[in-house]
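>>> no sequence on this one, just coordinates:
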């Protein structure tokens, strides 16, 4: 049986993933100028980077960078195993629509988890 993951830990992981995505976007894809000017142009590249990072790491390792740092992983809700590629894709697409990642049901599962049939658990 897996222990429940707190909302604080979930928020911390997504924050780390978004900050890393924005940093990469600002450094490599937002042109030149002041930090403020570069930040203004980093939105779309950061979104693409976030989706790519999240999808690839959840597919290959069962956890994004933020999840790993904070001791969590994503599992298939039915059997507790590694998420399938389709589950990782659905979860990743829904994570980009942030509202699905911050809206939870009475069991503590986000919309993105219910629709992708995944669950986040603490790592062993």
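That came through, no problem. Computed from a predicted model, the values in this text were never measured in an experiment.
>>> where does the residue of the chain most remote from its centre land in three-state SS?
In the chain, counting by Cα atoms, centre = their mean, residue 33 sits farthest out from the average C-alpha position, at 29.3 Å. Here residue 33 is recorded as coil under DSSP: H, G, I helix; E, B strand; the rest coil.
>>> How about residue 82?
Assigned by three-state DSSP, the conformation of residue 82 is coil.
>>> What residues does the residue lying closest to it once chain neighbours are set aside make contact with?
Closest residue in space to residue 82, ignoring its immediate chain neighbours: residue 62 at 5.4 Å, by Cβ to Cβ, 6 or more residues apart in numbering. Every residue, glycine included, has its C-beta placed from N, CA and C. Going by Cβ atoms under 8 Å, 6 or more residues apart in numbering, residue 62 touches 73, 74, 75, 82, 83.
>>> My guess is residue 94 contacts residue 114. True?
No. Checked against Cβ atoms under 8 Å, the pair residue 94 and residue 114 is beyond contact range at 9.5 Å.
>>> quick one: which of the contacts of residue 62 is nearest residue 22?
Nearest to residue 22 out of the contacts of residue 62 is residue 74 (Cβ to Cβ; 22.1 Å).
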